[in-house]
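Visitor: The following block contains a protein sequence and its predicted model.
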Amino acid sequence: MYINIVVVDDDPEFRRIAALLLTARGLRVVAESGDGAEALAAVRAHRPHGLLLDLHLPGLDGLRVARQIAEEDDPPRIVLTSTDESFWSQQELESAGIECFVVKDKLFDADLRALFAATPP
């Protein structure tokens, strides 16, 4: 069974690299988006298991996107990412519907498959 992922980032090169990395880990990228509004539309259209979501997006930022998605029925698992090493508590992330935060340059080392495959608490 595939784990379907939507990748959201305003940098097309990062989206390409993230898609390659996710695919190499056995995940399937079903859509890519460059801004918050496109992200919401992609999640609603594809109903993915997971969302790799950039914090800094044009229009709706990643936190606002996550909060909106978390209010929907059966939301995907959200992994927030950014080049900024922002430090949020797990409680702050969870309140926005975010599974975890991974700095972009640490994505290669992260166990993305486990993050997206785990059963929600």
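Guide: Great, that's in hand. Residues are numbered from 1 along each chain as shown.

Visitor: so who does residue 30 touch?
Guide: Counting by C-beta atoms under 8 Å, 6 or more residues apart in numbering, residue 30 makes contact with 4, 5, 6, 46, 48. From N, CA and C alone the C-beta is placed, and that goes for glycine too.

Visitor: so is the most centrally placed residue in the chain in a helix, a strand, or just coil?
Guide: Closest to where the C-alpha atoms of the chain average out (C-alpha atoms, centre = their mean) is residue 52, at 1.8 Å. Secondary structure, DSSP: H, G, I helix; E, B strand; the rest coil: residue 52 is strand.

Visitor: Please indicate which of the contacts of residue 30 are buried?
Guide: 4, 5, 6, 48 (16 or more other C-beta atoms under 10 Å).

Visitor: and residue 52, how far is that from residue 30?
Guide: 12 Å (C-beta to C-beta, to the nearest Å).

Visitor: Quickly list what's touching both of these two.
Guide: Taking C-beta under 8 Å, 6+ apart as the contact rule, residue 52 and residue 30 both touch 5, 6.

Visitor: How far does the helix ranked longest in the chain sit from its chain's centre?
Guide: Using DSSP state H, we find that the single longest helix of the chain is helix 12-24. Distance of helix 12-24 from its chain centroid, counting by C-alpha atoms, centre = their mean, to the nearest Å, is 12 Å.
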